[in-house]
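> what follows is a predicted structure for the sequence shown.
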Amino acid sequence: MGMTITQKLIKSHLVSGEMIPGTQVGLKIDQTLTQDATGTMAYLELESMDIDRVKTELSVAYIDHNTLQTGFENADDHRFIQSVAKKRGIRFSRPGNGICHQVHLERFGKPGKTLIGSDSHTPTGGGIGMFAMGAGGLDVAVAMGGGTYYITMPKVVKVNLSGKLNPWVAAKDVILEVLRIETVKGGVGKVFEYCGEGVKSLSVPERATITNMGAELGATTSVFPSDEVTKDFLKAQKREEDWIELKADPDAVYDEEISIDLSSLVPMAAQPHMPDRVKSVSEIGKIKVDQVCIGSCTNSSLLDMMKVAAILKGKTVCPTVSLSIAPGSKQVLNMIAKNGALSDMIDAGARILESACGPCIGMGQSPNSKGISLRTFNRNFEGRSGTKDAGIYLVSPEVAAASALTGYLTDPRELGEFPVIELADEFIINDNMIELPASPEEAKDLEILYGPNIKPFPSSSPLEDSIEAKAILKVGDDITTDHIMPAGAKILPYRSNIPYLSKFCFAVCDESFSERIKAEGKGFIIGGANYGQGSSREHAALVPLYLGVKAVITKSFARIHCANLINAGILPLNFVNPDDYDKLDQGDELCLVDVKDSIINDSPVTLKNITKDESYELKYDLSQRQKDIIIAGGLLNYTKESTRR
Ligand code: MIC
Ligand code: SF4
């Protein structure tokens, strides 16, 4: 039987397990990336593992998230990461060099390789034919040390693309369409593999927009073939030697299939507050817009910037709109500076930001109260922009630029002829902002530079026989990691200070949560479906661990967050009967009866509701290794125990 690209990539990296969907497989990881908001923790974890030099083919540490320096904290963290990178054999992408996924695609991504990154949008690499996944910082640290990365063997969804996009319709509209069909829960346990005639009409950056935002489906990853288009991109990046061909066998068998005729797509937008609340721009209508932000790892490539500049050229941004633009990398910024496109943006009145995540993660540019903001980003979760009552719409660069000019949500097709965009055949290559690591010899004498804001990470204890605690918080479906552990300019500088971060845990849902659980000393969280979607931030597990959360009991979990809970030693449990969720109330006194024995014996766990005198059956999806991790009280304890043995 023929194989899909996904199966080929997994097979060539398989270290343990069998390729049976739903079971655990261990993969060899060729490349890793980190960013600064999750990287500090990942490198603290790496340091605690006594690893002299990383063992991957390539590891890169990017600085792109915490670039607003309103105190010493972020700058100290950058310095810490830089010192670890230099000593341990990791390349360091200096602040200003760009957003991790954009730079990685340009300079390091290689078809056929595996990549994990401590950022949920690592699947961007799927645009160049990598098997690229987001992971918790600890998993990335383990991979840097040469350890295996474990995933559930995914099902493969064939996304059959036919036709060609019409002018003014963009790659962003393709992924918005997939999100409309599949929803933010639709991709859990699956890889979205793109194929069909339509693929060859999409450039690598356009493919990367699609695989990037595939993260919002909850998918393990998304992947495109590596073809002549990929080869041309690599050639333009002066890396032709990195190209290999990658395609599915003609008789490959897929688990599911969806078809999209590119020529039938129209400009679309995801409405507040979920990336799957997708409608066409014309259906939503001409709502008044206060702000437009262009950039982020989804839409900040040279092509995106050139389109925006061409639309803005010779015009003026509407007086009631603030337009900000952050080109994705130094390469992109430099190229639009040299070819004059930057000047067209500045002339039209755009506020040019540095090449970094910026407003996408609430690092500045929060909209006005009840403001409507159109963003070319990938997430519009409540509060993420820094303004709780703002309404964020996710759109293509074309819709964003057109609306910035008119002042209302605009179908860009109204602007008439699509401008002609000329792209150079070669990118400007200058890797001077990527610092190479020291040689092993020189590295011996190098010091790691810790700042005073870096606090030890919380310790966890082995699983107890039975656990009695209150349902300290009950939340609904689709709870994101931005609810659990918010980001934003005020909080992000404390990503290496768990005690401080703990004050903000769940603040979006319930401002008293942190105080209440501190008073109790421990507790359980009750959640609905797709709990923990969004970011890979392990802080959404480490902070609850610090506060005493013993188990999270839900209808279902998002992949990366579930793995992070296990790594932190917090039990992820699911209701056998989802209706039991309704029987429980916040504040109920609960007991996980003989939970340790149940896990050891592979039997369902009983949750006793002491307040209501009822019992519910709970299940879990844990491999033997994951059970051992939970029993040991987290991955760090487990690793220490295994090395002692
Ligand atoms: C995000 O887009 O939510 C982030 C910020 O990039 C996160 C990582 C983080 O929380 O640091 C992600 O996507 O994993
Ligand atoms: Fe940065 Fe936003 Fe991309 Fe996350 S989604 S990596 S914050 S640009």
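That came in fine, so what should we check first? Ligands and ions are numbered 1, 2, ... in the order given.

> ok, now which ones touch Leu394?
Lys172, Leu176, Ala269, Ala270, Pro275, Arg375, Thr376, Phe377, Asn378, Arg379, Asn380 (C-beta atoms under 8 Å, 6 or more residues apart in numbering). Where C-beta positions appear, they are placed from N, C-alpha and C, glycine not excepted.

> give me the pLDDT value at the nearest residue to Tyr500 once chain neighbours are set aside.
Nearest residue to Tyr500 in three dimensions, chain neighbours excluded: Tyr494, at 4.5 Å (C-beta to C-beta, 6 or more residues apart in numbering). Listed pLDDT for Tyr494 reads 96.

> what about Tyr494, how many neighbours?
Neighbours of Tyr494 under the rule other C-beta atoms under 10 Å: 21.

> quick one: the contacts of Leu394 as TSV, columns for pLDDT too.
TSV is the format used below for those (pLDDT from 0 to 100):
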residue	pLDDT
Lys172	99
Leu176	98
Ala269	99
Ala270	99
Pro275	98
Arg375	99
Thr376	99
Phe377	98
Asn378	98
Arg379	98
Asn380	98
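
> among the residues you listed, which are within reach of ligand 1?
Of the residues in those, proximity to ligand 1 by C-beta under 6 Å from any ligand atom holds for Arg379.

> picking that back up, gap between the residue nearest to Tyr500 and ligand 2?
Using C-beta to the nearest ligand atom, to the nearest Å, one gets 17 Å for the distance from Tyr494 to ligand 2.

> which positions within the helix or strand hosting Tyr43 qualify as buried?
Counting by DSSP states H and E, the element that carries Tyr43 is helix 36-48. Within helix 36-48, the residues scored as buried using 16 or more other C-beta atoms under 10 Å are Asp36, Ala37, Thr38, Gly39, Thr40, Met41, Ala42, Tyr43, Leu44, Glu45, Leu46, Glu47.

> quick one: which two of the residues you listed are the most distant?
Ala37 and Glu47 (17.8 Å; C-beta to C-beta).

> scan the helices and strands of this structure for the one with the lowest mean pLDDT.
Taking mean pLDDT, DSSP states H and E as the measure, the chain has helix 635-644 as its least confident helix or strand, at a mean of 80.

> determine how far that helix lies from the middle of the whole chain.
Taking the mean of its C-alpha atoms, helix 635-644 sits 27 Å from the chain's own mean (C-alpha atoms, centre = their mean, to the nearest Å).

> return the residues in contact with Arg625.
Arg625 touches Gln24, Tyr150, counting by C-beta under 8 Å, 6+ apart.

> need the strands for the stretch 501-645 of the chain, in chain order.
Taking DSSP state E, counting those that start in this stretch as the criterion, the stretch 501-645 of the chain contains strands spanning 523-526, 549-554, 571-575, 589-593, 605-609, 614-619.

> other SSEs contacting the first one?
Judged by 3 or more C-beta pairs under 8 Å, 6 or more residues apart in numbering; DSSP states H and E, strand 523-526 is in contact with strand 467-474, strand 549-554.

> one more time with 10 Å, if that's ok
strand 467-474, helix 513-520, helix 539-547, strand 549-554, strand 571-575, strand 589-593 (3 or more C-beta pairs under 10 Å, 6 or more residues apart in numbering; DSSP states H and E).

> out of the ones you listed, deepest packed?
Stretch with highest mean neighbour count among the helices and strands packed on strand 523-526: helix 539-547 (a mean of 27; mean count of other C-beta atoms under 10 Å).

> close to ligand 1, is that helix?
No - with C-beta under 6 Å from any ligand atom as the criterion, ligand 1 is not reached by helix 539-547; the gap is at least 7.1 Å.

> so Ser512 makes contact with Phe506?
Yes - Ser512 is within contact range of Phe506, at 9.3 Å (criterion: C-beta atoms under 10 Å).

> wait, a helix at Thr32?
No - Thr32 is assigned strand when assessed by DSSP: H, G, I helix; E, B strand; the rest coil, not a helix.

> tally of neighbours for it?
Thr32 - counted by other C-beta under 10 Å - has 28 other residues nearby.

> give me every residue that touches it.
Thr32 sits next to 42, 54, 56-61, 90, 114-118, 122, 135, 139-144, 149 when contact means C-beta atoms under 10 Å, 6 or more residues apart in numbering.

> in helices, which of those fall?
Ala42, Asp139, Val140, Ala141, Val142, Ala143, Met144 (DSSP state H).

> export these as JSON lines, with columns for distance to Ala348 and pLDDT.
Listed next are the ones in helices among the contacts of Thr32 as JSON lines, based on distance: C-beta to C-beta, whole Å; pLDDT from 0 to 100:
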{"residue": "Ala42", "distance to Ala348": "40", "pLDDT": "97"}
{"residue": "Asp139", "distance to Ala348": "43", "pLDDT": "97"}
{"residue": "Val140", "distance to Ala348": "40", "pLDDT": "98"}
{"residue": "Ala141", "distance to Ala348": "44", "pLDDT": "97"}
{"residue": "Val142", "distance to Ala348": "47", "pLDDT": "96"}
{"residue": "Ala143", "distance to Ala348": "44", "pLDDT": "97"}
{"residue": "Met144", "distance to Ala348": "44", "pLDDT": "98"}
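
> pick the one among these closest to Pro167.
Val140 (40.5 Å).

> wait, the closest one sits on Cys100?
No - Val140 is beyond contact range of Cys100, at 12.0 Å (criterion: C-beta under 10 Å).

> need the residues touching each of the two.
Contacts common to Val140 and Cys100, judged by C-beta under 10 Å, 6+ apart, are Leu33, Thr34, Gly39, Gly117, Ser118, Asp119, Thr122.

> quick one on the thing from earlier: distance to Gly528 and mean pLDDT added to the helices and strands packed on strand 523-526, as JSON lines?
Formatted as JSON lines, the helices and strands packed on strand 523-526 follow (distance: least, C-beta to C-beta, whole Å; pLDDT from 0 to 100):
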{"stretch": "strand 467-474", "distance to Gly528": "9", "mean pLDDT": "98"}
{"stretch": "helix 513-520", "distance to Gly528": "17", "mean pLDDT": "97"}
{"stretch": "helix 539-547", "distance to Gly528": "16", "mean pLDDT": "97"}
{"stretch": "strand 549-554", "distance to Gly528": "6", "mean pLDDT": "98"}
{"stretch": "strand 571-575", "distance to Gly528": "10", "mean pLDDT": "98"}
{"stretch": "strand 589-593", "distance to Gly528": "17", "mean pLDDT": "98"}
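
> closest to ligand 2 out of these?
helix 539-547 (13.9 Å; C-beta to the nearest ligand atom).

> then the closest one to CSV, C-alphas only?
Output of helix 539-547 as CSV, limited to C-alpha atoms (Å, rounded to 0.1, in the frame of the first residue of the first chain):
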residue,chain,number,x,y,z
HIS,A,539,3.2,28.0,31.9
ALA,A,540,-0.5,27.1,31.5
ALA,A,541,0.5,23.8,33.2
LEU,A,542,3.4,25.0,35.5
VAL,A,543,1.4,27.8,37.0
PRO,A,544,-1.6,25.6,37.9
LEU,A,545,1.0,23.1,39.3
TYR,A,546,2.5,25.9,41.5
LEU,A,547,-1.0,26.8,42.7
